[in-house]
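# Quick one, what's the 3D model for this:
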Amino acid sequence: MSLRRFQPTPVQGLALLLLTSVFARTYRLRVPSQPIIFDERYYVNAARVILGWHVPAGDPYAGSKPGLDPNLEHPPLGKLLMAGSMKLFGDGPLGWRLTSVLAGMACIVLVYAIVRAVAGDGWLAVLAATIFSFDNLVLVHSRIGTLDMPYLALLLAGAWCWLRGRPLLAGIACAVAALIKLPAVYGLVALVLLALGKVVSERARQRMWNRAALRGCALLLLGFGIVWFFGLWLLDIAVTPYSTPWAHLHHMVSYGFSLSHRGGPTTVESNPWQWPLNDVQMPYFRVVESASTHGHVVASQTVIDFRGAMNPVLLVAAPFALAYVAWRAWRVRDALSRWVLAWVAATYLSYYPLVLLTHRTTYIFYFLPTLPSLAVAIAQLLRQSRLPSLVTWVYVLALAVAFAVYFPFHRVF
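Below is the predicted model of the structure:
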């Protein structure tokens, strides 16, 4: 019997990755049994208010009007999704965190799908999805009750639709993402950059306008504009005090720009140029056990540590990977490399002028939407640059070791 029959396919490799990932994202999901990891208390309590459920005294939004979303700095859709999960599974850890778990798993599949949309190498797609899945910031936000993974999943769906030649659907997906969290517009900007890049390139080389790219850009913006405008309008009528989307948009933008600090970052705040260095990591939730003798602490051990930080093995490889995909985009005119560069430019570099010109307060978890493109870039470097396969295996092993070190639970039970 030939051994080739036992060689896995990329789809089987993806299935194994998903099994591993769902275990990591659901292991001890009910710990802690209160919504206290990072910003969970804001979004869970907002969902409770929408449902008309009791909010404990002293918690955010206690005493808010039942049925209306009190978390007005973000659009309502993400809280409504969480409220639906809580309605089905109860006011407990599963209800609070399930939407993020499902969105996190969807993001892994979508990273795979984005690569497959423009590249014939299935194992390249599996490698990119693996690198993305083994990042700590991705893991943490895939198992806590916040808005970040749901909006990222929809953004990646928009990128996949765009790369598949479905600009209208791409615009709709980006719009739905922006109905969860406004920074989703950076993903839309990335797709616009790709469209305009095609137009400028063809105009420069052939003195012709790329009508297909212009039409695609128009459909992208049309789908986004219609769905976002009327979607926010309907959501506002249903669960906010705003009667027009413009009034709510003005509040969200004003609130965002009010988060500024001219003296520079303090405490857990950080500048975007610090994120690739894993600088100013954020303590989301930590449990430390101490041993005492005669009233004096003689030893302490961290047993649970949810932190806002990336996998350092991913970050070390990122600059080399980006240099490689920049070369591929220029010399090979590779569509996947161009997507990586546009995504990094829009979702990461956009924060530089925002911070430098307006002193906007930023945090390390703002880097989360950029991580899918970095994972793809690293996979390209490892698989397309003709490096020995041993390098890839050593890199994935190092990534897995760092992932285990950063894993939130430092004890098995």
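# alpha carbons only for contacts and neighbour counts from here, please
Fine.
# and the longest helix along the chain, average pLDDT?
Criterion DSSP state H: the longest helix present in the chain is helix 211-239. Per-residue pLDDT over helix 211-239 has a mean of 96.
# Next, the buried residues of that helix.
213-214, 216-225, 227-229, 231-233, 235-236, 239 (16 or more other CA atoms under 10 Å).
# Same question for stretch 78-90.
78, 79, 80, 81, 82, 83, 84, 85, 86.
# Same check on stretch 404-412?
Buried-residue list, stretch 404-412, by 16+ other CA under 10 Å: 406, 407, 408, 409.
# At which residues are the strands of the stretch 151-300 of the chain located?
282-293, 296-308 (DSSP state E, counting those that start in this stretch).
# any weak-confidence spans in the stretch 251-400 of the chain?
294 (pLDDT under 70).
# Out of the buried residues of stretch 404-412, which comes closest to residue 348?
Proximity of the buried residues of stretch 404-412 to residue 348, judged by CA to CA, is greatest for residue 406, which lies at 23.3 Å.
# OK, contacts around the closest one?
Contacts for residue 406 were tallied using CA atoms under 8 Å, 6 or more residues apart in numbering; they are 136, 311.
# And for residue 122?
10, 11, 116.
# would you turn these into CSV with distance to residue 272, neighbour count and pLDDT?
Below are these laid out as CSV (distance: CA to CA, whole Å; neighbours: other CA atoms under 10 Å; pLDDT from 0 to 100):
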residue, distance to residue 272, neighbour count, pLDDT
10, 35, 17, 96
11, 36, 14, 96
116, 30, 20, 97
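# For stretch 297-316, measure first residue to last.
37 Å (CA to CA, to the nearest Å).
# Just give the number of residues close to residue 207.
Other residues lying near residue 207 total 10 when counted by other CA atoms under 10 Å.
# Contacts only, for it.
With CA under 8 Å, 6+ apart, residue 207 has no contacts at all.
# again, 10 Å this time
Counting by CA atoms under 10 Å, 6 or more residues apart in numbering, residue 207 touches 200, 201.
# cool, residue 13 as well?
122, 123, 125, 126, 127, 130.
# Next step: the residues you listed restricted to helices.
122, 123, 125, 126, 127, 130.
# And the closest residue in space to the fifth one that isn't next to it in sequence, how far from residue 329?
The reference is to residue 127. The shortest distance from residue 127 to any non-neighbouring residue, by CA to CA, 6 or more residues apart in numbering, is to residue 379 (5.7 Å). Using CA to CA, we find residue 379 at a distance of 15 Å from residue 329.
# With residue 263 instead?
From residue 263 to residue 329 the distance is 39 Å (CA to CA).
# out of those two, which sits in the busier spot?
Counted by other CA under 10 Å, residue 263 and residue 329 do not tie: residue 329 has more neighbours, with 18 against 7.
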